[in-house]
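>>> Quick one, what's the 3D model for this:
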Amino acid sequence: METPSYLNGLNEPQKQAVITTTGPLMILAGAGAGKTRVITHRIVHLISQGVAPHNILAVTFTNKAASEMRERVISLMHQYLPSDRASIDSLPTVTTFHALGVRILREHHATLNLRRHFVIYDRSDSNKAIKKATEQAGYNPKQFEPRKILSIISRAKGDALSRNDFADKASSYPEKVAAEIWQHYEKILTDDHALDFDDLLLKTLWLLKSYPVIRKLFQERFKFIHIDEYQDTNGVQFAIAKLLTSEEGNICVVGDIDQNIYSWRGADIKNILQFEKQFPNAKTILLEENYRSTKTIIAVSNDIIKKNKNRVPKEVFTNNHVGEKITLHASMSGIDEAEYIAMTAKSLINEGASPADIAVLYRTNFQSRILEEAFLNYEVPYQLLGTKFFERKEIKDILSYLRLALNPDSTTDLARVINEPARGIGKVTMLKVIEGRKGELKGATLEKVLRFDQIMSDIKDEANTKPVSETLRFILKRTGIETDLKKNGTEEDLSRLENIQELVTLATRYDDLDPEEAVEALLENAALQSDQDELKNKEDQDAVRLMTIHAAKGLEFPYVFISGLEEGLFPHERLDEKGVDVEEERRLFYVALTRAGKKIFLTYAHVRTIFGSQRVNVPSSFLADIDIDHIEGGEEMMSGPSSGFERTIFLD
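Sure thing, here's the model as predicted:
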């Protein structure tokens, strides 16, 4: 039998992963081993074997990853499937966990007593609501910081615990307080017809658990399930995946234990370690050949990760060339380190590298400030990952108008926009409107509120009938926001106007959808954005990327700087009682190393200012795990009385 052409170019383990289509399958893929290639080719193989595309589900973690995977699947379908198969009207569902949750909840919103246009709270909305809930519960938000309370509740939801389950298990005083606040928080969400980010998964799980008919419906729809980055799944994501899997057990998970770096937000390494126990008769395939990095980079990353005990042993290898040795640079201070990185990046660009080929990675966000200063001083183009487009005030204002038009009960959106721009509606009036006491208003005050009501009515009419980009243009004019921003005419105001215009441009992507669907798609995209999606929106910008290692996961660059390699900073010593999780920190270093294709620069500072105090540093213990032969000038470093990097700079 002739080998299908789409299998050409795959190595033997990749082929086996593609053609093993029935029963549970775990693919353990090393960094750069082509896991996305395997998933996309496996989907095409299933379709070529007669599986209907709409019976295939692939779930990953970011919109960016889902979008790229979807595009690759469609491209492969057109390339390799007969025209009668490639042109069929259904496509596989390639999405994120949260977007899948939104889809399932919208489809069955009535069962949950939700509006179809339910509001999705982002972290900022949730923090405000938690603050309000804290006060309603009789506690002081200064004593019980809303962000920390939200984190406790979020972690519980990620562990698939309901509020009652959590209250029953609460043992510490902060947990008992959080359980009380949660009750008030839930009421605020219900009154607003809203779900927070974690509810998108928790409510989906509850729906699938509680209604066997609905569960069966989705099991029959998604007969073949793929979960990418399986090592990053938390309790609720694992439970959803298990419930969606039918009796045939056609679930394929792809992951790498060595890249499990999200335990702090609930990712449970046991999900991948115990896959064979959870899904009996599961087959495991190892993908160990790396196509991204040089032999030097692979050797160093293998040396680092093999020190971890909590892993499935695998030896990543590559047939790429040996490549350049790693540069290790010690600076006197954090400022010197930042200047060295900016100057070296500038040299690479002068030698022909594209700025976008260079990434500077750091362990914690505070390190970005002095790096930004250095890049500005040396006039090196850079892009800082982390300032999300959809978190800007002006963008949230416009989207709040859109959400409120479709969901008039959203008090969060009402409070945000009723006096934005200023309409002379005070807090007392706003409270009366929110509490449904509009009848108490009189005279000029009532007129102002009625004018606002008319604005919202007009926006609703537009949203129900016009393309979503036209609706946004209408909101900009009808609300007075455009006039207000142009009237002041400051550079900041004009920049805000440009951001809103960019939102309109983005919205044109959805103009071919039905108006109601288009609004849903835009609002969902805004609510579920991640740091990497922000990068996708700007990836035509030719600039050096500055980002945390967590944000860099899944990305690759020819040149990578890993900064701040100091004991206490990386490996990072947490400020709480948990201290250092050395295995997770080592996995994080492994992820950072394996982002690089050609060349790695490792840097640290002998003295760094943290929280206003100067700290004298010891080089990271991870550096001692690197074979000195892989480091530039390693031979000379070893010739002195003390070892390597400890000798590079002496302090008086």
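>>> Tell me how many other residues crowd the closest residue to Ala356 other than its chain neighbours.
Residue nearest to Ala356 in three dimensions, not counting chain neighbours: Asp542, with 5.1 Å by C-beta to C-beta, 6 or more residues apart in numbering. All C-beta spots, glycine's among them, are computed from the backbone N, C-alpha and C. Neighbours of Asp542 under the rule other C-beta atoms under 10 Å: 12.
>>> Then Pro355?
If we define neighbours as other C-beta under 10 Å, then Pro355 has 18 of them.
>>> The one 10 residues further on now?
Using other C-beta under 10 Å, Asn365 has 13 other residues around it.
>>> what separates it from Glu289, distance-wise?
35 Å (C-beta to C-beta, to the nearest Å).
>>> hmm, back to that, contacts only, for the residue nearest to Ala356.
The contact partners of Asp542, by C-beta atoms under 8 Å, 6 or more residues apart in numbering, come to Ser354, Pro355, Ala356, Pro381.
>>> And what about the residue nearest to the first one when sequence neighbours are not counted, helix, strand or coil?
Distances taken as C-beta to C-beta, 6+ apart put Asp542 closest to Ser354, at 6.0 Å, once the chain neighbours are dropped. Classification of Asp542 by DSSP: H, G, I helix; E, B strand; the rest coil places it in coil.
>>> Gln367 too?
Following three-state DSSP, Gln367 is assigned to helix.
>>> Surely it and Leu565 touch.
No - using C-beta atoms under 8 Å, Gln367 is not in contact with Leu565, being 11.3 Å away.
>>> who has more neighbours, the two?
Leu565 (27 against 23).
>>> Mean confidence (pLDDT) on the helix or strand where Val236 lies, please.
Under DSSP states H and E, the secondary-structure element containing Val236 is helix 235-244. When pLDDT is averaged along helix 235-244, the result is 94.
>>> now the helices for the stretch 1-150 of the chain?
12-19, 35-48, 63-80, 83-86, 97-107, 123-136, 146-158 (DSSP state H, counting those that start in this stretch).
>>> SS state for the closest residue to Ala353 other than its chain neighbours?
Once flanking residues are discounted, Ala353 sits nearest to Tyr559: 6.3 Å by C-beta to C-beta, 6+ apart. Look at Tyr559: counting by three-state DSSP, its state is strand.
>>> Check the gap between Tyr559 and Ala345 for me.
Taken as C-beta to C-beta, the span from Tyr559 to Ala345 is 8 Å.
>>> any common contacting residues for those two?
Ile358.
>>> Which one's more surrounded, the two?
Ala345 (26 against 22).
>>> three-state assignment of that one?
Going by three-state DSSP: Ala345 is helix.
>>> Run through the residues that contact it.
Contacts of Ala345 (C-beta under 8 Å, 6+ apart): Pro355, Ile358, Val360, Phe375, Val380, Val544, Tyr559, Phe561.
>>> Now with 7 Å, please.
Ile358, Val380, Val544 (C-beta atoms under 7 Å, 6 or more residues apart in numbering).
>>> still on that earlier bit, dihedrals phi and psi, the residue nearest to Ala356?
When read as degrees, to the nearest 10, the backbone of Asp542 gives phi -90, psi 90.
>>> pLDDT wise, what is it at?
88.
>>> From Tyr590, how far off is Asp258?
Asp258 is 5 Å from Tyr590, by C-beta to C-beta.
>>> Need the overlap of contacts for those two.
By C-beta under 7 Å, 6+ apart, the residues touching both Asp258 and Tyr590 are Ile305.
>>> Would you work out how far apart the start and end of stretch 562-569 are?
Distance between the two ends of stretch 562-569: 12 Å, counting by C-alpha to C-alpha, to the nearest Å.
>>> can you pull the contacts of Ala267?
Gln231, Asp232, Thr233, Asn234, Asn260 are the contacts of Ala267 under C-beta under 7 Å, 6+ apart.
>>> In the protein, where is pLDDT below threshold?
The model of the chain has pLDDT under 70 over residues 1-2, 83-89, 386-389, 488-492, 495, 529-540, 574-580, 610-613, 634-652.
>>> which strand of it spans the most residues?
strand 596-610 (DSSP state E).
>>> Please name the strands paired to that strand in the sheet, noting orientation.
Using DSSP bridges, the strands paired with strand 596-610 are strand 327-333 (parallel), strand 557-562 (parallel), strand 613-616 (antiparallel).
>>> Which one of these lies nearest to Leu10?
Closest approach to Leu10 among these (C-beta to C-beta): strand 557-562, 24.3 Å.
>>> Just the helices from the stretch 151-300 of the chain, written as ranges.
Using DSSP H, counting those that start in this stretch, helices in the stretch 151-300 of the chain cover 163-169, 173-191, 199-210, 212-221, 235-244, 270-273, 275-278, 295-305.
>>> Whichever helix in the chain runs longest: which residues count as buried?
Ranked by residue count and defined by DSSP state H, the top helix of the chain is helix 443-465. Using 16 or more other C-beta atoms under 10 Å as the test for burial, helix 443-465 gives Thr445, Lys448, Val449, Phe452, Ile455, Met456, Ile459, Lys460, Glu462, Ala463.
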